[in-house]
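[1] Below: sequence and its predicted model.
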Amino acid sequence: MKFYARRITFYLVTLWATISLNFLLPRLMPGNPADIIIAKMQRQGEVSDTTIRNIQLMLGTGGDEPLLEQYFAYWGRLLHGDLGISVTKYPAPVAELIASALPWTIILVGVATVISFVLGILIGAWVGWKRGTWVDHLVPSTTVLQSIPYFWLALVLVAIFAVNLRWFPIVGGYDVFDFPAGPEWSWAFFVDAVEHATLPAITIVLSSVGGWLFGMRNMMVSTLSEDHIVTAEAKGLRPRRILTAYAARNAAIPSIAGFSITLGFVVAGSIVMEQVFTYPGVGKLMFQAVQNNDYALMQGVFLVITITVLAANFIMDLVYGFIDPRARHNV
Amino acid sequence: MSETELTERELHDVQVAEVITPLTVASAAVEGAGQRMPRQSSRRGIRALMPRWSGKLAIGLGLLTAIVAFGVAGPWFTQDPRDSDNPSLQPPSPEHLLGTTKLGYDVLAQLAQGTQGSLMVGVIAGLIALGLSIVFGILAGYLGGWGDETLSLVTNIMLVIPGLPLVMVIATYFPARSWLLVAFVLGITSWAGSAVVLRAQTRSLRSRDYVSAARVAGERAPRVILVEVLPNLLPLLAAQFLFAIIFAILGEAGLSYLGLGATDSITWGTILNDAQTGQALGTGAWWWFVPPGLLIALLGCGLALINFSIDEIINPKLRIAPENARRQRKAAKAGRGIAGPGLPTATTTTAEGISA
């Protein structure tokens, strides 16, 4: 129980740190973001006093209100689920914009990450098992895949498969001409969305599978020289049983424990990649926010991305605690 | 940490400290001698920490040297990368080896300048990340107790906060960004992964007898860290530095591609950003967007190949286990093996002992 309590405390502290960082950043930076945003909004139409007040709560007043008071007011707004108003799509609330973009990214990145993780673990286990054979020479090539920037791979894939061969659509998350009313619950829409997501998903899997594969292979090689493997061999167990039950299961543990490091890569990569495909996810939203100096939208997206990553890591921690009892007992 | 490779150093330190704890030292020395593989006996002192020469290392160093040379010497031999007098969007020709951009810049000249820019961002960011990971990793691992708890908490928080979105947020607040600022921001957001590994290694080193001996002998903490702990972490630090460089270069490229990179210099990322805004993809100007990405991939590949060689020092099992499997297979082929044709095992020493 102590293990779970510790992990939950840790994620709460991290969440608090992220939100405080979000609060402090615009106030520490040069210039006055709040004034810039208010000026921008006023060019687009009337801005009410409450809106101005809310923006100042979010980004700093520039006035002489004590920082601590601003901090509590900021928390107050946040707890009401109010992330401010977007300038880019004035007057749409940031929370709504994010809510409509988040599913696209979560489904795309989530499915691609699971595929890539499973592929990496399976191939990595096999390559590690075949240590000392020709397969070893394939291992360095995984790092080439890892060092290719996601968005560049996306550009090349688009140039080959979408522009030249016309196998896949070039941009978007669905065909806006076939479905002018937006996303709907129908089989036709689902097929269309999958078609649009294939190339982005291939990009993510290709770029991230190398990391899982490489880590798993190295752990596999280390695990296979442990004494318990020798014992298993001496007992005369079948190689397949040694591979699955004795070696791969133990070797996979660090991959799960190191999930957060790799997930950070994937999330960062897909944010930039979405821009190439103009995929309607949070990455594109972040890009729009950045281009228009839409600080409220930008900070909202950052907060939501961070919370999502924290949630994914928390789930992996629970899985880790479940499969590796040592983690639960050595607290 | 590499137990086999460290024995040289351990033995040395152990001999120095022999006066203090002869009993534990004797057992440590025996242990150390037992761990040592016969193949390692020729590699002593600092050479034990250097990578072995191999095809992978040669290719890696070759790629790295070529790209660095291109970045350093390239700008001398190409035209001004900001000279827009050339005809626009020309495919590669003898006059412009890699063609020209939409604005009439020579792509090769831009690439040479961009190589320099990207490498500088990578190295500076790598150094910053290295310094921070040493402070947060080694110090936390060595101190233990409350110091460790606090430093680890900061590390773990930085580890789970996604780096690039944070960098994007920070970069947006600066209207003009120098390449130094970009390198700085990338450096302070990318050290956590290394710090976690360094902390674990330091904790394991800290409990070794020779470190305890140094502490009992009354050495101060800074000296113990610098003289006893740090040298044994050198291969790991080198690997992490190379990794930090490629991470920073990838991050810079992504940032610049989104238009958030340095505003005062040309890098691989800014070339890709220009290509994106200049519709290079739609007009089929492959010579514009393929070379920068390819260079990033090649540099990453070169650094990773060097890291492979370093990895085999940090974790000798990675080198010894495949070698043993190979040797045993050969022995089985020659009819000397005990396991028959099926299973590769890691117990060559026993297998050889029996068959001999």
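    Ah, there it is.

[2] give the contact list for residue A:50.
    For residue A:50, the contact set (Cβ atoms under 8 Å, 6 or more residues apart in numbering or on different chains) is empty. Backbone N, C-alpha and C define where each C-beta goes, glycine included.

[3] That one: helix or strand, and which one exactly?
    Element membership for residue A:50, per DSSP states H and E: helix A:49-59.

[4] for the record, mean pLDDT for that helix?
    Averaging pLDDT along helix A:49-59 yields 72.

[5] Show me which parts of the helix or strand harbouring residue A:213 are buried, residue by residue.
    Assigned by DSSP H and E, residue A:213 falls within helix A:187-224. Neighbour-count burial for helix A:187-224 flags A:189, A:192-193, A:196-197, A:199-224 (criterion: 16 or more other Cβ atoms under 10 Å in any protein chain shown).

[6] Same question for stretch A:135-154.
    The neighbour-count criterion (16+ other Cβ under 10 Å) identifies A:135-136, A:139-140, A:142-143, A:145-154 as the buried residues of stretch A:135-154.

[7] Chain B next: which of the residues you listed are close?
    A:136, A:139-140, A:143, A:146-153 (Cβ under 8 Å from any Cβ of the partner chain).

[8] Now for the residue in chain B that chain A sits nearest to, how many residues are close by?
    In chain B, the residue that lies nearest chain A is residue B:300 (2.1 Å; Cβ to the nearest Cβ). Counted by other Cβ atoms under 10 Å in any protein chain shown, the residues lying close to residue B:300 total 25.

[9] quick one, helices of the stretch 1-150 of chain A?
    Counting by DSSP state H, counting those that start in this stretch, the stretch 1-150 of chain A has these helices, from start to end: A:2-28, A:33-44, A:49-59, A:67-79, A:94-129, A:139-147, A:150-157.

[10] Name the nearest residue to the residue of the stretch 51-200 of chain A found nearest chain B, sequence neighbours excluded.
    Going by Cβ to the nearest Cβ, chain B is nearest to residue A:147 of the stretch 51-200 of chain A, at 2.1 Å. In this structure, residue A:147 finds its nearest non-sequential neighbour in residue B:300, 2.1 Å apart by Cβ to Cβ, 6 or more residues apart in numbering or on different chains.

[11] Tell me what angle the one helix or strand that neighbour maps to forms with helix A:139-147.
    Using DSSP H and E, residue B:300 maps to helix B:286-314. Angle, helix B:286-314 to helix A:139-147, by axes from the mean of the first three to the mean of the last three Cα atoms, to 10 degrees: 130 degrees.

[12] Could I get the buried residue list for helix B:286-314?
    Neighbour-count burial for helix B:286-314, counted by 16+ other Cβ under 10 Å, picks out B:286-293, B:295-314.

[13] element containing the residue nearest to the spatial centre of chain A?
    In chain A, the residue lying closest to the centroid (Cα atoms, centre = their mean) is residue A:267, at 3.0 Å. Here residue A:267 sits within helix A:259-277, counting by DSSP H and E.

[14] Let me know the average pLDDT across that helix.
    The average pLDDT within helix A:259-277 is 79.

[15] Would you pull up how far that helix lies from the middle of the chain?
    Mean-position distance between helix A:259-277 and its chain equals 6 Å (Cα atoms, centre = their mean, to the nearest Å).

[16] Any residue of that helix touching chain B?
    Yes: contact between helix A:259-277 and chain B, assessed by Cβ under 8 Å from any Cβ, occurs at A:260-261, A:264, A:267-269, A:271-272, A:275.

[17] Tell me what angle that helix forms with helix A:150-157.
    Going by the same axes, to 10 degrees, helix A:259-277 is angled at 40 degrees with respect to helix A:150-157.

[18] circling back: am I right that the residue of chain B closest to chain A is in contact with residue A:142?
    No: the criterion here is Cβ atoms under 8 Å, and residue B:300 misses it with residue A:142 at 11.6 Å.

[19] still on that earlier bit, tell me which of the helices of the stretch 1-150 of chain A is the most buried.
    Most buried of those, by mean neighbour count (mean count of other Cβ atoms under 10 Å in any protein chain shown): helix A:150-157, with a mean of 24.

[20] Run the angle between that helix and helix A:187-224 for me.
    Orientation of helix A:150-157 against helix A:187-224 (the same axes, to 10 degrees) gives an angle of 120 degrees.

[21] Figure out how far helix A:150-157 is from the centre of its chain.
    18 Å.

[22] Can you spell out which helices and strands pack onto that helix?
    Contacts defined by 3 or more Cβ pairs under 8 Å, 6 or more residues apart in numbering or on different chains; DSSP states H and E place helix A:150-157 against helix A:187-224, helix A:259-277, helix B:230-257, helix B:268-277, helix B:286-314.

[23] So the helix or strand that comes right after the first one, near chain B or not?
    Later in the chain than helix A:187-224, the nearest helix or strand by DSSP H and E is helix A:227-234. Yes: contact of helix A:227-234 with chain B is found when judged by Cβ under 8 Å from any Cβ, involving A:229-230, A:233.

[24] Throw these into TSV and include pLDDT, thanks.
    Formatted as TSV, the residues of helix A:227-234 next to chain B follow (pLDDT from 0 to 100):
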residue	pLDDT
A:229	87
A:230	86
A:233	86
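
[25] Please convert those to CSV, extending it with neighbour count and distance to residue A:130.
    Converted to CSV, these look like this (neighbours: other Cβ atoms under 10 Å in any protein chain shown; distance: Cβ to Cβ, whole Å):
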residue, neighbour count, distance to residue A:130
A:229, 20, 15
A:230, 15, 18
A:233, 20, 16
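
[26] quick one: which of those is nearest residue A:322?
    Distance to residue A:322 across those (Cβ to Cβ) is lowest for residue A:229, with 24.0 Å.

[27] That closest one and residue A:247 touch, don't they?
    Yes: shown here, residue A:229 and residue A:247 form a contact pair, counting by Cβ under 8 Å, at 6.1 Å.

[28] joint contacts of those two?
    Common contact partners of residue A:229 and residue A:247 (Cβ under 8 Å, 6+ apart): residue A:223.

[29] which stretches of the stretch 151-300 of chain A aren't confidently modelled?
    Applying pLDDT under 70 to the stretch 151-300 of chain A picks out residues A:181-182.

[30] Residue numbers of it in contact with chain B?
    Contact residues (Cβ under 8 Å from any Cβ) of the stretch 151-300 of chain A with chain B: A:151-153, A:155-156, A:158-159, A:163, A:218, A:221-222, A:224-225, A:229-230, A:233, A:239, A:260-261, A:264, A:267-269, A:271-272, A:275, A:286-287, A:290-291, A:293, A:295, A:298-299.

[31] one more time with 7 Å
    A:151-152, A:155, A:158-159, A:163, A:218, A:221-222, A:224-225, A:230, A:233, A:239, A:260-261, A:264, A:267-268, A:271-272, A:275, A:286-287, A:290-291, A:293, A:298-299 (Cβ under 7 Å from any Cβ of the partner chain).

[32] ok so, going back, and the helix holding residue A:213 with helix A:94-129, angle?
    Angle of helix A:187-224 versus helix A:94-129, following the same axes, to 10 degrees, is 40 degrees.

[33] helices or strands next to helix A:187-224 in the packing?
    helix A:94-129, helix A:139-147, helix A:150-157, helix A:249-251, helix A:253-257, helix A:259-277, helix B:317-333 (3 or more Cβ pairs under 7 Å, 6 or more residues apart in numbering or on different chains; DSSP states H and E).

[34] Run the angle between the second one and helix B:317-333 for me.
    Using the same axes, to 10 degrees, one finds that helix A:139-147 and helix B:317-333 are set 150 degrees apart in direction.

[35] any residues touching helix A:139-147, and which ones?
    Helix A:139-147 is contacted from outside by A:127, A:206-207, A:209-211, A:213-214, A:217, B:56, B:246, B:296-297, B:300-301, B:304-305, B:308, using Cβ atoms under 7 Å, 6 or more residues apart in numbering or on different chains.
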